[in-house]
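K.L.:
the following comprises the amino acid sequence and a computationally predicted model.
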Amino acid sequence: MMLSINPDNPQPRSIKQIAEKLRNGAVICYPTDTVYGIGCDIFNQKAIKKIFQIKKRPIYKPFSFMCSSLKDVSDYGHVSNMAYRIMRKALPGPFTFVLPATKIVPKIMITKQKTVGIRVPQNNICLALIEALGNPILTTSAILDDGSPPLSEAYEFDEFLGNMVDLVIDGGIVYPDPSTIVDFSRDEPEILRLGKGDISQFYA
């Protein structure tokens, strides 16, 4: 099933309907500011396990998730003063920040090091969905790790993923360019993966 959403002004009624599906355990494919992603409600363990199966990913390698704002991030990750100062300038944007997890994060989303990967994407559809759901949404690239060609349009993902997801959101073309991963779990920020976004601000 595919549903078109206006990427600039997401239709509130459609967003509300999708949030309700997520609340009931749906797995969706949706556009972000970096790639088309696969996601679900981070508090629905059954849906999370389904995504592990789709991605053929070991359970000890948890996925990142998306929040709607830096204030939202601080509920799920411990943000130091240094991290807050940098993240305030960088968000929303194409970055994944690794932070020490707070107690409300489900264990299935936490690494052995007790950290989480959190994004605040510069994408109106994502932000509207998170707000409507009331909590973060799991995020992982909709490209499978099997050498599949890069895809950029919703109809391609609809054909590619088939019945593996419950809904594909068409929010326009997104040329895949992965997020830059920045580790804030230590005293100094460390770039774990160089991707989209200006990293000079992390060294200012």
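P.N.:
On my side now, so go ahead.

K.L.:
may I have the secondary structure class of the residue positioned nearest the centre of the chain?
P.N.:
The C-alpha lying nearest the average C-alpha coordinate of the chain belongs to residue 139 (Cα atoms, centre = their mean; 2.9 Å). Three-state call for residue 139 (DSSP: H, G, I helix; E, B strand; the rest coil): strand.

K.L.:
look up which residues are beta-bridged to it.
P.N.:
Taking DSSP bridges, one obtains residue 64 as the residues bridged to residue 139.

K.L.:
which ones are touching it?
P.N.:
The contact partners of residue 139, by Cβ atoms under 8 Å, 6 or more residues apart in numbering, come to 32, 37, 38, 39, 63, 64, 65, 66, 119, 121. No exception for glycine: its C-beta is placed from N, CA and C like everyone else's.

K.L.:
correct me if wrong: the fifth one contacts residue 136.
P.N.:
No. The pair residue 63 / residue 136 is not scored as a contact, 10.8 Å apart, by Cβ atoms under 8 Å.

K.L.:
who has more neighbours out of the two?
P.N.:
Taking other Cβ atoms under 10 Å, residue 63 and residue 136 do not tie; residue 136 has more neighbours (26 against 22).

K.L.:
can you report how many residues lie near the residue lying closest to that one once chain neighbours are set aside?
P.N.:
What sits nearest to residue 136 in space, not counting adjacent residues and going by Cβ to Cβ, 6 or more residues apart in numbering, is residue 65, at 4.2 Å. For residue 65, the neighbour count with other Cβ under 10 Å is 27.

K.L.:
now swap in the one 3 residues further on and tell me
P.N.:
Burial of residue 68 is recorded as 22 neighbouring residues (other Cβ under 10 Å).

K.L.:
how about it, secondary structure?
P.N.:
Secondary structure assignment for residue 68 (three-state DSSP): coil.
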